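*Asks:* below are the sequence and a predicted model; questions follow.
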Amino acid sequence: MIAAQQRILVIDDEESVCRLLETILVGNGYAVTVYTCPQKAVATFAVEDYDLVITDIKMPVMDGLQVLHPHVLLLWICSIILSSGT
């Protein structure tokens, strides 16, 4: 029996950070979805399941903590990594 591929969501307003993480994670066998717009990422929570979310803390319009607002987390449970470039 083959184990299901773990799904990771990467949210960062910097495209280069998203692509770097995507390259590393895909190279290690993970299914990766990236968003540079946190609002679009949040919109997928009701229809997609992820095993891990990696999100930038400091982003314009909606920061990483707003992405993880309790109302959002009620829809979907997973592990979370918060990152910051500063």
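*Replies:* That came through, no problem. Numbering: from 1, shown residues only.
*Asks:* may I have the beta-bridge partners of Leu9?
*Replies:* Beta-bridge partners recorded for Leu9 (DSSP bridges): Thr33, Val53.
*Asks:* correct me, but Val34 touches Cys18?
*Replies:* Yes - in this structure, Val34 is within contact of Cys18 by CB atoms under 8 Å, at 4.0 Å. From N, CA and C alone the C-beta is placed, and that goes for glycine too.
*Asks:* list the contacts of the helix or strand containing Ser16.
*Replies:* Ser16 belongs to helix 15-27 when assigned by DSSP states H and E. Residues from elsewhere that reach helix 15-27, judged by CB atoms under 8 Å, 6 or more residues apart in numbering: Ile8, Val10, Asp12, Val32, Val34, Tyr35, Thr36, Ile54, Asp56, Gly85.
*Asks:* show me what contacts Val10?
*Replies:* Val17, Cys18, Leu21, Glu22, Leu25, Val32, Thr33, Val34, Tyr35, Val53, Ile54, Thr55.
*Asks:* can I get those in CSV with neighbour count and distance to Gln66?
*Replies:* Converted to CSV, the contacts of Val10 look like this (neighbours: other CB atoms under 10 Å; distance: CB to CB, whole Å):
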residue, neighbour count, distance to Gln66
Val17, 18, 18
Cys18, 20, 18
Leu21, 18, 20
Glu22, 16, 23
Leu25, 18, 24
Val32, 22, 22
Thr33, 16, 19
Val34, 18, 18
Tyr35, 19, 14
Val53, 23, 13
Ile54, 22, 16
Thr55, 22, 10
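*Asks:* with that, I have no additional questions.
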